[in-house]
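Chemist: The following comprises the amino acid sequence and a computationally predicted model.
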Amino acid sequence: MNAACRRGTIFYQFMVVGGALVLTGCGAHHAPPSPVAGGANTALTTMVSPVAGKPFPTNKTEVSLFDGKTLTGWRVTDFAGTGGVRVEDGRILLEMGVMTGVTWTNDLPRINYELNLETMRVEGSDFFCGLTFPVGEDPCSFIIGGWGGGVVGLSSLDGEDAANNETTQNLSFENRRWYKVRLRVLPDKIQVWIDDDKVVDVATTGRRLSIRTEVELSRPLGIATWSTTGALRNIRLRRL
């Protein structure tokens, strides 16, 4: 980004002048982010928030999709039998219902992006994170803890859901523990990590990607739970 400001985006640039760290550029009247280690020439990235009606940033700046205080940018998904949705203690709480979720309402990239979030099963015994996401023009979902509590995988590949394709795994998840999720969507593959473990690395060229009808209302980007109370925080997205 050059010196010109984009409306709704704060951009900081740092330089060393006479041995001092000087803040320049757009939004310089705001407090700068904390410096990072690595010397005066280390690039510093400011996390921005997307603005309704504005295109997603074209650079690789990481965008926060949740401010920790409100559901700005999200709507409560109108599932039948939904539980309550509220923000408390810096997290989105999806209370137990038949299916409960939130759907993103602003612009986002559809390919070549990385999504990070933290998720927790608060109580219940089924999936606490059904993450529906775009892959170009197609939708897909990543399920954590489905089919009785342990199934992980993509829904769906060539019509086979998360319990019945090559991404299927059975893992153990503890209630009231945060798990980090990192999803990478590339032109030819989908990769997912839970904490530091890569659990999905699948080529998508020539594959048919789809979602189950239950999560159709989560498109293009949404997160849902099934008969389970789940929590979400630190939801971030960047282009690759």
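Modeler: Thanks, I have it.
Chemist: list the contacts for the closest residue in space to residue 102 that isn't next to it in sequence?
Modeler: Closest residue to residue 102 in three dimensions, ignoring its sequence neighbours and counting by Cβ to Cβ, 6 or more residues apart in numbering: residue 74, at 4.4 Å. Yep, even glycine has a C-beta here, placed from its N, CA and C like the rest. Shown here is residue 74, whose contacts under the criterion Cβ atoms under 8 Å, 6 or more residues apart in numbering are 65-66, 92, 102-105.
Chemist: Check residue 136 too.
Modeler: 110-111, 187.
Chemist: State the pLDDT value of it.
Modeler: Here, the pLDDT recorded for residue 136 equals 97.
Chemist: can you count the residues close to the closest residue to residue 67 other than its chain neighbours?
Modeler: Excluding its sequence neighbours, the residue lying closest to residue 67 (Cβ to Cβ, 6+ apart) is residue 49, at 6.5 Å. Neighbour count of residue 49, defined by other Cβ atoms under 10 Å: 15.
Chemist: circling back: could you measure from the residue nearest to residue 102 over to residue 50?
Modeler: When Cβ to Cβ, to the nearest Å is applied, the distance between residue 74 and residue 50 equals 11 Å.
Chemist: Overlap of the contact sets of these two?
Modeler: residue 65.
Chemist: Okay, and the one residue sitting closest to the centre of the chain sits in which element?
Modeler: The chain has residue 115 as the residue nearest its centroid, 4.1 Å off, counting by Cα atoms, centre = their mean. Applying DSSP states H and E as the criterion places residue 115 in strand 113-124.
Chemist: one step back: please tell me the pLDDT value assigned to the residue nearest to residue 67.
Modeler: The confidence metric pLDDT takes the value 76 at residue 49.
Chemist: And the one 5 residues further on, by the same measure?
Modeler: Predicted confidence (pLDDT) for residue 54: 86.
Chemist: gap between it and residue 196?
Modeler: 34 Å.
Chemist: between these two, which one's more packed in?
Modeler: The residue with more neighbours, out of residue 54 and residue 196, is residue 54; 13 against 7, by other Cβ under 10 Å.
Chemist: Got the phi and psi for that one?
Modeler: Backbone dihedrals for residue 54, given as degrees, to the nearest 10, come out at phi -110, psi 150.
Chemist: That one and residue 107 touch, don't they?
Modeler: Yes: taking contacts as Cβ atoms under 8 Å, residue 54 lies within contact range of residue 107: 6.8 Å.
Chemist: Any idea how many residues pack against the residue lying closest to residue 161 once chain neighbours are set aside?
Modeler: Take residue 161 and drop its neighbours on the chain: the residue closest to it by Cβ to Cβ, 6+ apart is residue 155, 4.2 Å away. Per other Cβ under 10 Å, the neighbour tally for residue 155 reads 28.
Chemist: same deal with residue 222?
Modeler: 25.
Chemist: Over to residue 232?
Modeler: Look at residue 232: counted by other Cβ under 10 Å, it has 26 neighbours.
Chemist: Could you measure from it over to residue 56?
Modeler: In this structure, residue 232 and residue 56 are 20 Å apart, going by Cβ to Cβ.
Chemist: Same question for residue 49.
Modeler: To residue 56, residue 49 is 11 Å away according to Cβ to Cβ.
Chemist: Output the below-cut-off pLDDT ranges for this structure.
Modeler: Across the chain, the stretches falling below the confidence threshold (pLDDT under 70) are 1-46.
Chemist: Buried residues in stretch 108-119, which are they?
Modeler: Going by neighbour count (16 or more other Cβ atoms under 10 Å), the buried part of stretch 108-119 is 108-110, 113-119.
Chemist: With distance to residue 96 as added columns, please give those residues in JSON lines.
Modeler: Below are those laid out as JSON lines (distance: Cβ to Cβ, whole Å):
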{"residue": "108", "distance to residue 96": "28"}
{"residue": "109", "distance to residue 96": "32"}
{"residue": "110", "distance to residue 96": "31"}
{"residue": "113", "distance to residue 96": "31"}
{"residue": "114", "distance to residue 96": "30"}
{"residue": "115", "distance to residue 96": "25"}
{"residue": "116", "distance to residue 96": "25"}
{"residue": "117", "distance to residue 96": "20"}
{"residue": "118", "distance to residue 96": "19"}
{"residue": "119", "distance to residue 96": "15"}
